[in-house]
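Chemist: below is the structure, and that's it, no one-letter string:
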């Protein structure tokens with residue numbers, strides 16, 4: 001069956017870095033665009049970044065541009081989100097998803113369970 005599993009979250013100080021991974025199984029990853037989303041307490045889930053299935057074009061929410069980098073390794077069925085210069089406002093549960101692409105949650109068919117990222121001193 002289709003599975004997505006995020007890992008790599010944790011507690012980091014402001015200015016620090018984390019690399020999230022999204023291991024997938026049960027489908028062919030290169031047929032899908034991949035998105036990373038986050039949800040902070042009391043807030044709606046929001047799109048952070050996505051990478052296209054067709055040409056690996058990447059897209060980012062304005063507030064993370066220049067700090068986050070999305071990538072994919074289809075051979076390993078894994079996607080990544082490198083997060084640098086982290087800020088307290090980046091604190092959230094981060095989710096990966098696969099689907100048609102975009103920063104809207106409605107464009108995605110399958111979701112992982114999420115990994116907590118906490119940025120605090």
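Modeler: Ah, there it is. Here the structure is a predicted model, which means the values were calculated and not measured.
Chemist: when you work out contacts or count neighbours from here on, use the C-alpha atoms and nothing else.
Modeler: OK.
Chemist: show me where the protein has strands.
Modeler: Counting by DSSP state E, the segments of the chain that form strands are 3-7, 10-12, 18-25, 33-39, 46-51, 58-60, 68-73, 78-83, 92-99, 108-111, 115-119.
Chemist: which strand residues bridge the residue nearest the centre of the chain?
Modeler: Note on the chain: the residue nearest the mean C-alpha position is residue 36, at 2.5 Å, using C-alpha atoms, centre = their mean. Beta-bridge pairing for residue 36 (DSSP bridges): residue 49, residue 96.
Chemist: surely it and residue 50 touch.
Modeler: Yes: between residue 36 and residue 50 there is a contact under C-alpha atoms under 8 Å: 6.1 Å.
Chemist: re earlier: mean pLDDT added to the strands of the chain, as TSV?
Modeler: What follows is the strands of the chain, written out as TSV (pLDDT from 0 to 100):
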stretch	mean pLDDT
strand 3-7	97
strand 10-12	98
strand 18-25	98
strand 33-39	98
strand 46-51	98
strand 58-60	97
strand 68-73	97
strand 78-83	98
strand 92-99	98
strand 108-111	95
strand 115-119	98
